[in-house]
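Asks: can you look at this prediction? I've put the sequence above it.
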Amino acid sequence: MVREQYTTTTPGTNLQRPETEYVYNVGIYGWRKRCLYLFVLLLIILLVVNLALTIWILKVMWFSPTGMGYLEVQSEGLRLEGESEFLYPLYAREVHSRQDSSLLLQSTHNVTLNARNSDGNVTGRLSVGPDMVQFDGQEFQINSMDGNPLFTVDENEVIVGPDKLRVTGPEGALCEHSIETPLIKGIKDAKGDKELRLESPTRSLSMDAPRGIHIKAQNGAFKAVSLLDIKLHSSNGVLRLDAETLRLSKLPAGTTGESGESQGLYEVCVCQDGKLYLTEAAKDSNCVKYSRDCQ
């Protein structure tokens, strides 16, 4: 762009007119101008495409003033409607379902719930896998609806809270160590009472109580079978066998008393070590007289 500069003179002066000066201003012309227009056009196209993609994403993801799709943001937290899939860990203080539906947690491998302390360390873990349910923690407790503990497990003991523990398996309950309980009772089904059996196939069976042991069979017989000895011991009291008929079979016969005095009657004698034996009855007891049978 050319600009001519002129100098005016006063009439009557002899000043020479200066030569015409040419001033050139630098601008964008030619291919630079076309590239600039092309760049601006590309920016406008990109802006329109980004705006169209943003509107499309908002429409597809169901964005709304209250949330996104089935996800609704409330003052209490987040609310999800329908099924949701999480690809990474979910951190939440509380997760619960609607009042009219159940909460379902499903995974192709396992479902793991972790509890962490303020330092981020795991203090409790519940893992539900395809083969087993595993809990890692200091104590595991199951409570009833009113808050009463039903089942508690820690490193030292297992506590069953209800008044009745019912074992319905055909093999019963297997206990490798001792059991402490106030009552053991057989179950009753539609066919009647079932047999209650306390059995130790390879070891001994011992029942101890600070005050006493009461064994009662209302509709059947009580039977105790042992490979070796059966010991009934009372440290401070008596041993009472209360029954209509008391039968002790295979008792050893003691020394025969005077002939003709027994009349086919026998008496049961007890040694100091608790051994029982039979001896012929007489007018007087033969237990003391023939005490050598206890040797």
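Replies: Everything's here; your move. Numbering: from 1, shown residues only.
Asks: tell me where this structure has helices.
Replies: 31-60 (DSSP state H).
Asks: remind me which residues of it are low pLDDT?
Replies: 1-27, 187-194, 255-263, 288-293, 295 (pLDDT under 70).
Asks: quick test: name the residue nearest the centre of it.
Replies: In the chain, the residue lying closest to the centroid (Cα atoms, centre = their mean) is Phe135, at 5.4 Å.
Asks: gap between it and Leu165?
Replies: Going from Phe135 to Leu165 by Cβ to Cβ, to the nearest Å gives 20 Å. For every residue, glycine as well, the C-beta is placed using N, CA and C.
Asks: before we move on, what about Leu103?
Replies: Going from Leu103 to Leu165 by Cβ to Cβ gives 29 Å.
Asks: can I get stretch 61-78 in PDB? Just the C-alpha atoms.
Replies: Provided in PDB are the C-alpha atoms of stretch 61-78 (Å, rounded to 0.1, in the frame of the first residue of the first chain):
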ATOM      1  CA  MET A  61     -25.500 -40.400  28.700                       C
ATOM      2  CA  TRP A  62     -28.800 -38.900  29.700                       C
ATOM      3  CA  PHE A  63     -27.300 -35.900  31.500                       C
ATOM      4  CA  SER A  64     -29.900 -33.900  33.500                       C
ATOM      5  CA  PRO A  65     -29.800 -31.300  36.200                       C
ATOM      6  CA  THR A  66     -30.100 -34.000  38.800                       C
ATOM      7  CA  GLY A  67     -27.700 -36.500  37.500                       C
ATOM      8  CA  MET A  68     -26.700 -38.800  34.600                       C
ATOM      9  CA  GLY A  69     -29.000 -41.500  33.300                       C
ATOM     10  CA  TYR A  70     -30.000 -43.900  36.100                       C
ATOM     11  CA  LEU A  71     -27.600 -42.000  38.500                       C
ATOM     12  CA  GLU A  72     -29.300 -39.300  40.500                       C
ATOM     13  CA  VAL A  73     -27.400 -37.000  42.800                       C
ATOM     14  CA  GLN A  74     -29.300 -36.300  46.000                       C
ATOM     15  CA  SER A  75     -28.500 -34.500  49.300                       C
ATOM     16  CA  GLU A  76     -28.000 -37.900  51.000                       C
ATOM     17  CA  GLY A  77     -25.700 -39.300  48.300                       C
ATOM     18  CA  LEU A  78     -26.100 -41.100  44.900                       C
END
